[in-house]
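Asker: curious how this folds, go ahead:
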Amino acid sequence: MFINFKNSQIMKTKSSFIKISLLLLLLLPLVFSCNNDTNAWEKAKQQNTIEAYKDFIGEFPKSEFINEAGNKITEIEWLGVETSEDLDALKEFVSHHPNSKYSEKAENIITDLKWVKACNDNNIESLQKFLIDHPKSKYASEAENIIIDLMWAKSCNENNIESFQKFLIDHPKSKYSLEAEQKIIDLEWQVALKKNRRESYNKFITKYPDTRYAEVANQKIAELELNWENGFLEKKYPYGRDIIEEKINIIFSRCLAYSRQSIENGIINTFGVGDENGKWSLNGEGGMVSVKRVNGNNHVLVGFKVNNGDKKASQYFHRLLTDKLSENK
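Answerer: Numbering: from 1, shown residues only. Predicted structure coming up:
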């Protein structure tokens, strides 16, 4: 069989040409696409706007420049809010770009702006909200101190026991703690004074035995136990009559002039005119001490003619008598 090698070679050449042509036809759109992609990217960079980069992403979603286009959009948006002091815009930026290289800086600016706002508001609620939102910020300690200052000022303005007690519960170790405790003591003393009853003074002394008011409270109790009437200060004593009279005689034993007389109704009248220093009868003025029974109890009445019946001299005698009687316990 005769084979025409020349024709065979021609056929092979034609076949290779066809294959190459088909391959070129297939690659041609890709080549043009790459050229269009690069050109569009260069154009977008020249415009350098969010819209231009978004158009590029929409037209070439599989381009090798996609990530860079997204970064450019983030960068432009960041430049727009970085110095704006617009809280809402900054929050929106963080919401849209939580993992960008600008998100931490945006959060810090948000914290700074919210701190400035809280300071300008200068009220407890705003500062407490700031602490809730930013408990670990660089302003947290200062916020806590300002809250304490404001709560202390509020307590001082209200100036009542409940307000200071609440302050101590909320801030037991603050710089105002000792002052708050003293305020409570002062106010409770005012309550006791207003009630002016033995029970209120005793309650106060039990609660605050070492305060500056304790001695005064004891004096108030002593005064309440006395009944001042017609120039005589009367007090009930839980002792027998004999022991009471014995102590009265001891007290009067140093008086320059002293006499004792019983009268029909059982009252013992004892007269004294002071010691050599004129001490307890005050300048030697005369006085009278009487012991009488009232409802089965022994009462002592004391009166001096000092300044038309000076309570202080009578109170002093009752203190002397109380001290003497307490020696028998």
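Asker: check the gap between the spatially closest residue to Tyr239 that is not a sequence neighbour and Asn295 for me.
Answerer: Leaving aside its chain neighbours, Tyr239 sits nearest to Leu325 (5.6 Å; criterion: CB to CB, 6 or more residues apart in numbering). Every C-beta, even on glycine, is put in place using the N, C-alpha and C of the backbone. Separation of Leu325 from Asn295 (CB to CB, to the nearest Å) stands at 20 Å.
Asker: looking at these two, which has the bigger crowd around it?
Answerer: More crowded of Leu325 and Asn295, by other CB atoms under 10 Å: Leu325, with 17 against 6.
Asker: which of the residues in the helix or strand encompassing that one are buried?
Answerer: Under the criterion of DSSP states H and E, Leu325 resides in helix 311-326. Residues of helix 311-326 classed as buried: Lys311, Ala313, Ser314, Gln315, Tyr316, Phe317, His318, Leu320, Leu321, Lys324, Leu325 (neighbour count, 16 or more other CB atoms under 10 Å).
Asker: check stretch 120-133 too.
Answerer: Buried residues in stretch 120-133, counted by 16+ other CB under 10 Å: Ile124, Ser126, Leu127, Lys129, Phe130, Leu131.
Asker: likewise stretch 87-98?
Answerer: Using 16+ other CB under 10 Å as the test for burial, stretch 87-98 gives Leu90, Phe93, Val94, His97.
Asker: so which of the residues you listed comes closest to Val289?
Answerer: Leu90 (87.4 Å; CB to CB).
Asker: tell me the contacts of the closest one?
Answerer: Leu90 makes contact with Val81, Ser84, Ala106, Ile109, Ile110, Leu113, according to CB atoms under 8 Å, 6 or more residues apart in numbering.
Asker: the helices in the stretch 1-150 of the chain, which residues?
Answerer: Counting by DSSP state H, counting those that start in this stretch, the stretch 1-150 of the chain has helices at residues 5-47, 50-59, 66-81, 87-96, 103-121, 124-133, 140-158.
Asker: any weak-confidence spans in this protein?
Answerer: 1-35, 225-231, 254-287, 304-313, 329 (pLDDT under 70).
Asker: how is it divided into domains?
Answerer: Annotated domains of the chain cover 177-207, 227-326 [automatic domain parsing].
Asker: number of nearby residues for Lys220?
Answerer: Neighbour count of Lys220, defined by other CB under 10 Å: 20.
Asker: let me redo that: Trp41
Answerer: Neighbour tally, Trp41, other CB under 10 Å: 19.
Asker: quick check, it in contact with Asp55.
Answerer: No - judged on CB atoms under 8 Å, Trp41 makes no contact with Asp55 at a distance of 11.2 Å.
Asker: circling back to that earlier point, the residue nearest to Tyr239 contacts Lys247, doesn't it?
Answerer: Yes - counting by CB under 8 Å, Leu325 does reach Lys247; the two are 5.6 Å apart.
Asker: next one: the helix holding Leu325 to chain centre, how far?
Answerer: 47 Å (CA atoms, centre = their mean, to the nearest Å).
Asker: by contact count, what packs against that helix?
Answerer: Helix 311-326 is packed against helix 214-224, strand 226-229, strand 232-237, helix 241-252, strand 287-294, strand 297-304, with contacts defined by 3 or more CB pairs under 8 Å, 6 or more residues apart in numbering; DSSP states H and E.
Asker: the fifth one pairs with which strands, and in what direction?
Answerer: As defined by DSSP bridges, the strand partners of strand 287-294 come to strand 268-272 (antiparallel), strand 297-304 (antiparallel).
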